[in-house]
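>>> Pasting the sequence and the predicted coordinates here, then a few questions.
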Amino acid sequence: MKVPFSWLKQYVEIDVTAQELETKLFDCGFEVEELIDLSAEIDKVVVGVVTECVPQEGTHLHICKVDCGDYGHDIQISTGASNVYAGMHTAAALDGSTLPGGIKIKAKPLMGVESNGMLCSGEELGLNDDLYPGSEVYGLLDLPKDTVPGTPIQQVVGLDDYIFDIAVTSNRPDCQSVLGIAREVAAVLDKPLKMPATDYTVSDTVDPRLSITVEAPDLCPRYIGHYVHNITPGPSPRWMKRQLALCGLRSISNVVDITNYVMLEIGQPMHAFDMDTLESCQIIVRRAKDGEEITTLDGKEFKLTPNNLVICDGSKPVALAGVMGGLNSEIKDSTTQLLFESAKFARDNIRKTARGLGQNTDASSHYEKGISEYTTELGMARALHLIQELGCGEVTASHFDCSAGAPREGKKFTATISGINAILGITVPTEAVLDILRRLQFEVTLEADGDTMQVVAPRWREDIEIGEPDLAEEIIREYGYDHIKPTFLKAAQVTTGGLTADQKARAKAKRAMCAQGFYEAETLAFYADADLDMLHIAPDAPERNVIRILNPISSNLTIMRSLLAPSLLNVVVDNLKKGNAEGRLFELSNIYIPKQLPITELPEERLHLGFAAWGNDEDFFAVKGAVEALGTAFGTQLTVERATDVPWLHPGIAAYILCEGQRVGVFGKLANDVTAELKLPKDSRSNQNIYLGEIDWPAFHALVPKALRYTPIPELAPVQRDLALVAPEEAECGTLIAEMQRACKQLTKVELFDIYRGEKLGEGKKSMAFSLYFQPGDKPFAPDEVDRFIKKILGNLKFKLGIEIRE
Amino acid sequence: MEEKIKELRAAIEQAGAAVTSEAELSEFWQKFLSKNGAVAGLTKSLRDVPKEDRPAMGKTINEFKTWVEAQYQALSAQVEQAALAARNAAETVDITMPAKVRTTGNLHPITLVKNEIVDAFAGMGFEIYEGPEIEDDDHNFTRLNVPKNHPARDMQDTFYVAEDIVLRTQTSGGQIRVMDMEKPPIKVLVPGRVFRSDSDATHSPMFHQMEGLVVDKGITLCDLQGMLDKFVQALFGPEVKTRLRPSYFPFTEPSVEVDVSCFACGGKGCPLCKHTGWIEVLGAGVVHHSVLENCGIDPKVYSGFAFGIGIERIAMLKYGINNIGLMFENDLRFLKQFED
């Protein structure tokens, strides 16, 4: 919201500087995002009177003597402008001056003659005709003769002004206008508000043919129309042109300018229809028919639906309500009679129409934010006043006011000062409460108990709805938040807090992963089908049951993830590209499982612990060690089971992770065919060594022991024996150990310490050497007991697996 | 006899000087101290000594034997020393060669900040609640006093997955879920991922928020500021203060924007605080009556305050990170900087 300082001053006597006002507005809830100093772009440019003006022979230049008051009465400046004359008052940029755009002016010779600056055109000062008449003349700015030499030029051309660019919160649409901000300024400075004039007289003229009907009062709760005739199109007055220009609008003609002016000043979008174009002098406000078409003022054509509100004449749409007028009823230079519209349209309907058609206008923006009916009434009155003030038409007696019946008075409610103070936690003096509410134009009657107030809110404050909290906010933002004295829940009861068992377990899992050298990653919860393709996830796999985002921000973020692995693989690839040749990462985040598609209820959100490791130092067993360490951290043993059917993992180097015999996850080396398709740097050996895994957190966590229990430590030390076995190449270490342990319950630990292959063993054989640890109970083993164990173990190995001791 | 001893002593001294290895030492022992060695030979030749001289000579021989044994012990120690020195020399490494490192990993900066906030509030009696990331319209908007068509819905660019199901735009919905489950006194923190259709240097389509809610009898705006003072001090240091200024959120009334005094310059003004001395860190306010009523809590009896913090924003301020994208890129060179 851009508000010129000079315009605000029309309504409030402001006795503070623009900077002080900025602070005051900030304190009461209106952050000035930018305070634009219009004079700041220009420096050392002053009124100069050309006292002598001599053409320089052989050039197009004039050598001038310029009186610049205190800066020098006889400054020589050359100019190429042909409209220069002796006696001219113009803008002189002195030596060392600055012009808009950061242009520096220095004294220097021009065609061999010393020139101590530059005489300026309006354009060079950043002006146009609306800001300062005559600015667009070709040549030097010709200032009035009463301007005083040496006066800074900003003061003469109206650039000694500021623009407040104010962030207005969405609950305060009443402040989307100069008047709205002026009301706040008046309140914060405690000055009277001088309302813009809204009086007008009507002539005897009525047009009996004219009629206005609102057929969709739900979308148009208020529609005011007024007939103005004998229009004399022409330019707007200088003050109006300037104010429009300061807000970035160009002047068009008096009538059109009035509609724009009222929108800026009052916050009410206005529209004017050329009466001659309205068939049967009718206005009908209705939903568009399906397929109905309109061409708006800017020449764009739209096909409409019943969701769009249109203003129609007797036969056709003449405006897209609240968005833009129709080309067919546009005000032209030839217009002699018009119908003014000031209306309130439903906020969301205008928003949907503007968004749906891609036609966002200043008017639609105002309607989307919200307009009160007070504003609608005030806007029409102000427009009619301006018609008379500018003398550009006759205000007739044909006035129409269609209302859905909203009350024409402010909200009334009862509030107590003690209630307000209870919200704030401080005691604001009663006088201060009453004074602040008066300044904000609330009508307040304090009852005899000195506490209860009967309050009527201003009509434009539609945000006021629940009484005391609203008033508390109004009071404290004016009284000052620095009056709040921090207290520490002095009335509250003590509560127990802290993390739940699951939250603590998750924190522990993260620490356990860190301890194994994994860094925590945080990746986006959405990706695209292509990311599942990357992992060769089959089209009918459960991971393809994904929740789709209806309005994705980009084509690579379209589905909620069903697996963490693609996110982590992307991170690995990214790191390899950046030259991070090795690393370990994990993430504990949700995947999303729809209960049905398309989804009609909230999906299951399931935490997964994903991890990745890559680089020359990694192998399956290094990662397996990390997985086992995670189990150990939770007092359980994680074991493995060969996984050959995970499409993204190597069928020979992958394993399901088992906890208490149940599958809780999977990990392994990235499948060769997946690796081959990755866009990786060519020469990195690490590329071929990527490991990925994913654990279903709730499944794992449900199986880990809930409470720690102490197991007594055996008093006797275990007895160790080594055993070398000859096994076929395909025999798995885990199977051998399982069979050994099955044969002897005293065998509490088996460690593989060597594998040997050689000619002596024969083709397809390997020798595996194990250390076996036998744990005695209360008594030491008898002398030949361990030998008997070994015998039993060997017997079982031979019987079950055909494996024998190496001789 | 004595002559013999003298010769032998000279021979032993000479032989001893030549011993440098285990083998030579053993040879020395064989030659002089074994059963058939020279010293044993002396004892045997005692038989040839006249009887009356034998005791004196025997003593002399014994003294000599003791001396030889001492020689042997000394030589033995010497050889052992030499062997150790040789082994040490052989095992000596180049200590300037590169170290073998397997460092521990560390947590993500978002987790670090989240943990710090949780620690600060858990100690003040707050529970931690995590609501669903995919949320219905009712919890994300309607019951937070943002009915359909409310302009506040425009403040947030919402991702939809069904007509009435969204990726939550704020953790504030957690307020509703907690108040549905529990009755006052309530003190809860709701950390979590949130989603908005927005992406630039300071916005990511996914980021993290932490909602705080206190509902009890007699809770005031002063309590809110007192709580937030404690919170920012836990995060940014004991000297940091808060400043409240008016703002608007549909689910609080009054609503405030909370600034902290700049922890980089102490409020004097610097580039971090854009020379204002203050940094905007969070939004807060007194819980709106409608929100309490929507959860069956009587606003005439109970009041409360709520606050919402952007975790990435805090992390960016705290660690001096200038682009939110770095948080989700997971470049190891970034992640490794957050050892705590």
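Great, that's in hand.
>>> in the helix or strand of chain B with the lowest mean pLDDT, what counts as buried?
None of the helices or strands of chain B scores lower by mean pLDDT, DSSP states H and E than helix B:38-44, at a mean of 83. Of the residues in helix B:38-44, B:Ala38, B:Val39, B:Leu42 count as buried by neighbour count, 16 or more other Cβ atoms under 10 Å in any protein chain shown. All C-beta atoms are positioned from the backbone trio N, CA, C, and that covers glycine.
>>> Check stretch A:76-83 too.
Quick answer for stretch A:76-83 (16+ other Cβ under 10 Å): A:Gln76, A:Ile77, A:Ser78, A:Thr79, A:Gly80, A:Ala81.
>>> The first one looks like it's in a strand, true?
Yes: judged by DSSP: H, G, I helix; E, B strand; the rest coil, A:Gln76 forms part of a strand.
>>> I figured it was touching A:Ile63, is that so?
Yes: counting by Cβ atoms under 8 Å, A:Gln76 does reach A:Ile63; the two are 6.5 Å apart.
>>> thinking again about what came up before, and the least confident helix or strand of chain B, how far from the chain's centre?
Here helix B:38-44 is found 74 Å from its chain centre; the criterion is Cα atoms, centre = their mean, to the nearest Å.
>>> And whichever helix or strand comes after that helix, what does it pack against?
Downstream of helix B:38-44, the first helix or strand assigned by DSSP states H and E is helix B:54-91. With contacts taken as 3 or more Cβ pairs under 8 Å, 6 or more residues apart in numbering or on different chains; DSSP states H and E, helix B:54-91 sits against helix B:2-18, helix B:22-32, helix B:38-44.
>>> What pairs with the helix or strand hosting A:Phe586, parallel or antiparallel?
Taking DSSP H and E as the criterion, A:Phe586 maps to strand A:583-593. According to DSSP bridges, strand A:583-593 forms sheet pairs with strand A:519-520 (parallel), strand A:604-614 (antiparallel).
>>> Between the helices and strands packed on helix B:54-91, which one is closest to chain A.
helix B:22-32 (30.6 Å; Cβ to the nearest Cβ).
>>> Enumerate every residue touching A:Ala197.
Residues in contact with A:Ala197, defined by Cβ atoms under 8 Å, 6 or more residues apart in numbering or on different chains, are A:Arg382, A:His385, A:Glu389.
>>> Let's see the pLDDT reported for it.
pLDDT, A:Ala197: 96.
>>> returning to that earlier point: other residues contacting the least confident helix or strand of chain B?
Contact with helix B:38-44 is made by B:4-5, B:8, B:11-12, B:31-34, B:61, B:64-65, B:68, as judged by Cβ under 8 Å, 6+ apart.
>>> Output it in PDB, but only the C-alpha positions, please.
Output of helix B:38-44 as PDB, limited to C-alpha atoms (Å, rounded to 0.1, in the frame of the first residue of the first chain):
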ATOM      1  CA  ALA B  38      86.100 -74.500  31.700                       C
ATOM      2  CA  VAL B  39      84.900 -73.500  35.100                       C
ATOM      3  CA  ALA B  40      83.600 -77.000  35.800                       C
ATOM      4  CA  GLY B  41      87.100 -78.200  34.600                       C
ATOM      5  CA  LEU B  42      88.700 -76.100  37.300                       C
ATOM      6  CA  THR B  43      86.600 -77.700  39.900                       C
ATOM      7  CA  LYS B  44      87.500 -81.200  38.600                       C
END
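>>> can you give me the helices in chain B?
Chain-ordered helices for chain B, with DSSP state H as the definition, fall at B:2-18, B:22-32, B:38-44, B:54-91, B:109-122, B:137-140, B:173-181, B:221-236, B:289-294, B:311-319, B:325-329, B:332-335.
>>> Identify whichever of these lies nearest to A:Asp43.
A:Asp43 lies closest to helix B:311-319 among these, at 36.4 Å (Cβ to Cβ).
>>> Please see if the closest one touches chain A.
No: Helix B:311-319 does not reach chain A (Cβ under 8 Å from any Cβ of the partner chain); its nearest approach is 9.6 Å.
>>> name the element whichever residue of the stretch 251-400 of chain A sits closest to chain B belongs to?
Closest residue of the stretch 251-400 of chain A to chain B, Cβ to the nearest Cβ: A:Asp348 (3.4 Å). Element membership for A:Asp348, per DSSP H and E: helix A:347-357.
>>> Could I get the contacting residues of the residue in the stretch 301-450 of chain A that chain B sits nearest to?
Using Cβ to the nearest Cβ, the closest approach of the stretch 301-450 of chain A to chain B is made by A:Gly425 at 2.7 Å. Applying Cβ under 8 Å, 6+ apart, we find A:Gly425 in contact with A:Ile484, A:Lys485, A:Thr487, B:Thr220, B:Leu221, B:Cys222, B:Asp223.
>>> where do the helices sit along the stretch 351-500 of chain A?
All helices of the stretch 351-500 of chain A, identified by DSSP state H, counting those that start in this stretch, fall at A:362-369, A:373-390, A:417-424, A:430-439, A:468-479.
>>> So for residue 193, what's the nearest residue that isn't a sequence neighbour?
This is for chain A. Nearest residue to A:Leu193 in three dimensions, chain neighbours excluded: A:Ala186, at 4.1 Å (Cβ to Cβ, 6 or more residues apart in numbering or on different chains).
>>> please go with chain B instead
Nearest one to B:Arg193, counting by Cβ to Cβ, 6+ apart, is B:Glu133 at 5.3 Å.
>>> Hmm, A:Asn590 and the one you found touching each other?
Yes: between B:Glu133 and A:Asn590 there is a contact at 6.1 Å, judged by Cβ under 8 Å.
>>> touching chain A at all, stretch B:270-290?
Yes: contact of stretch B:270-290 with chain A (Cβ under 8 Å from any Cβ) involves B:Val286, B:His288, B:His289, B:Ser290.
>>> quick one: secondary structure of A:Leu797?
In three-state terms, and counting by three-state DSSP, A:Leu797 is helix.
>>> got TSV for the residues of stretch B:270-290 next to chain A, with pLDDT, neighbour count and distance to A:Thr296 too?
Shown next, in TSV, are the residues of stretch B:270-290 next to chain A (pLDDT from 0 to 100; neighbours: other Cβ atoms under 10 Å in any protein chain shown; distance: Cβ to Cβ, whole Å):
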residue	pLDDT	neighbour count	distance to A:Thr296
B:Val286	95	25	45
B:His288	95	24	40
B:His289	93	21	43
B:Ser290	92	19	39
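>>> so which of the contacts of A:Gly425 comes closest to A:Leu649?
Using Cβ to Cβ, B:Asp223 comes nearest to A:Leu649 of these, at 54.4 Å.
>>> Count the neighbours of the closest one for me.
When neighbours are counted by other Cβ atoms under 10 Å in any protein chain shown, B:Asp223 registers 25.
>>> One more: A:Trp239?
Count around A:Trp239 with other Cβ under 10 Å applied: 11.
>>> host element of it?
Using DSSP H and E, A:Trp239 maps to helix A:238-246.
>>> about what we covered before: anything in contact with each of A:Gln76 and A:Ile63?
Taking Cβ under 8 Å, 6+ apart as the criterion, A:Gln76 and A:Ile63 both touch A:Val113, A:Ser115.
>>> thinking again about what came up before, can you check what angle separates the helix holding A:Asp348 from helix A:362-369?
Put simply, helix A:347-357 runs at 130 degrees to helix A:362-369, going by axes from the mean of the first three to the mean of the last three Cα atoms, to 10 degrees.
>>> Restrict helix A:347-357 to CA atoms and write it as PDB.
Below are the C-alpha coordinates for helix A:347-357, written out as PDB (Å, rounded to 0.1, in the frame of the first residue of the first chain):
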ATOM      1  CA  ARG A 347     -14.500 -11.400  -1.600                       C
ATOM      2  CA  ASP A 348     -13.900 -15.000  -2.500                       C
ATOM      3  CA  ASN A 349     -16.000 -14.900  -5.700                       C
ATOM      4  CA  ILE A 350     -13.900 -12.000  -7.000                       C
ATOM      5  CA  ARG A 351     -10.800 -13.800  -6.000                       C
ATOM      6  CA  LYS A 352     -11.800 -17.000  -7.800                       C
ATOM      7  CA  THR A 353     -12.800 -15.100 -10.900                       C
ATOM      8  CA  ALA A 354      -9.600 -13.000 -11.000                       C
ATOM      9  CA  ARG A 355      -7.400 -16.000 -10.400                       C
ATOM     10  CA  GLY A 356      -9.400 -18.300 -12.600                       C
ATOM     11  CA  LEU A 357      -9.300 -15.900 -15.600                       C
END
